[in-house]
Every structure is written in C-alpha cells, then in structure tokens.
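*Asks:* Here is a sequence together with a model predicted from it:
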Amino acid sequence: MNRSSFFLGLNLLFGGYLMAQTTLNAFEKDEAVSSMILKKPLFEIMTKAGLDASNPKDLKFINAIDAIDSIRVFATRNKDVSMALKASVDHYVSQNGLTMANNTSGHQFYKKYAGEKENINEFMMFSDDINRATFCWNKKRFNAIFVQLNGTNIRTENLWVIVEKLALPEELLLWNE
C-alpha cells in the first residue's frame, strides 16, 4: 500500500473524530477564552498528594475522579467567540453521538452513556446567552461557558464533589434526568 492510500484510509477512519477534536482544541489557545484543561496524570498526582483517604469527603472525590480521564472548561465574554464555540460544540455533538440530557435550567447538557443509564463516558455542558446571563467561574464573569468531562463509567451522582473540589462552574449541577 502506498503512503497516500494509507493516510487517506486513516483520514476516513478517524477524520470526523479528529476534526471535532481540532475544532474544540482551537479554543485552548484563543486569547479571548479562559480555559482549564486537566488530564488523568494530574488526577493521579492529586489523589497521592494533598488528599486524605481517611476523610470521607476526600475519599468521595478520589472515587469520583478515578473515572475521569480529562476535563476541559472554556469560558468567554466575546460574542463572536461564543458563537464559534457553539458551532464547534454542535458539530462535536452531532459527530460523536451525544444525546441531550433533560433539563429545565436553560443550559445545554449532553451525555454519552457507558451502557448503564447511571454511568456515562462523556458529559458536556454549554451555555451562552449574551443578552441575558453571565456565568461566574474562577471569580470572573463570562457570557458563555463550555465544560466537558471524559472518562469511563462516570457516576452522575458524583458530579457535585468534582465541581466542588475542582471549582468547576456550578451550572454543571443544574441538569436533571
């Protein structure tokens, strides 16, 4: 097989996933976006240092974070960036088979189930309402916010402890089933 056929095959196989990842990854370096990206190695360090497994709250966090591979948060005040982020999120959702979670909060929540309805492999929230609301995260106000948790068998009842310990946007807890 020649080199161009090989790369064409890879593109066909992984193209949608890579394109969706690339469109969201572009916001990591955008100066109009405040971002936080946390990955599994950091969680392992956190559980070994600074947490007490005999403390029930810390133990709950250790158990909850064990299912998480990565967390991404993007927030912006810029209307154009907010619209681009929304378009990227919509594209990512359609390409990756996420389903919208029921909610009454007005925020958009998406999940990808891990088989059992209590556990998920991916959980996302996107909120923007430039004309109406501002969201507080990291002691700053934003008009649009995106949060993504990826992992394996994430238990939805443990989201509160992750939000609390990592100071994630509290809007993440407004979803309901």
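*Replies:* Here it is on my side, so go on. Numbers count the residues shown, from 1 in each chain.
*Asks:* where's M46 relative to L172, distance?
*Replies:* Going from M46 to L172 by Cβ to Cβ, to the nearest Å gives 19 Å. Every C-beta, even on glycine, is put in place using the N, C-alpha and C of the backbone.
*Asks:* which of the two has more neighbours?
*Replies:* Using other Cβ atoms under 10 Å as the criterion, M46 and L172 rank with L172 on top: 22 against 17.
*Asks:* Make sure that one is actually in contact with V161.
*Replies:* No - counting by Cβ atoms under 8 Å, L172 stays clear of V161, with 11.8 Å between them.
*Asks:* mind showing which ranges of this structure have poor pLDDT?
*Replies:* The model of the chain has pLDDT under 70 over residues 1-22, 102-104, 116-118, 129-140, 175-177.
*Asks:* residue ranges for the strands of it, please.
*Replies:* 33-39, 68-76, 99-100, 108-113, 119-128, 135-137, 140-142, 144-155 (DSSP state E).
*Asks:* if you compare these, which one is most tucked away?
*Replies:* Mean neighbours per residue, mean count of other Cβ atoms under 10 Å, is largest over the strands of the chain for strand 119-128, with a mean of 22.
*Asks:* Name the residues that touch that strand?
*Replies:* 82, 85-86, 89, 93, 96, 98, 106-114, 133, 135, 143-156, 159, 169, 171-172, 175 (Cβ atoms under 8 Å, 6 or more residues apart in numbering).
*Asks:* For I68, list each beta-bridge partner.
*Replies:* Per DSSP bridges, the residues bridged to I68 are G151.
*Asks:* I'd like to know how far it sits from S34.
*Replies:* I68 sits 20 Å away from S34, taking Cβ to Cβ as the criterion.
*Asks:* How about F142?
*Replies:* F142 is 7 Å from S34, by Cβ to Cβ.
*Asks:* What segments of this protein are helices?
*Replies:* Under the criterion DSSP state H, the chain carries helices at the ranges 3-25, 40-48, 56-65, 79-96, 159-166.
*Asks:* If anything else comes up later, I'll come back, but that's it for now.
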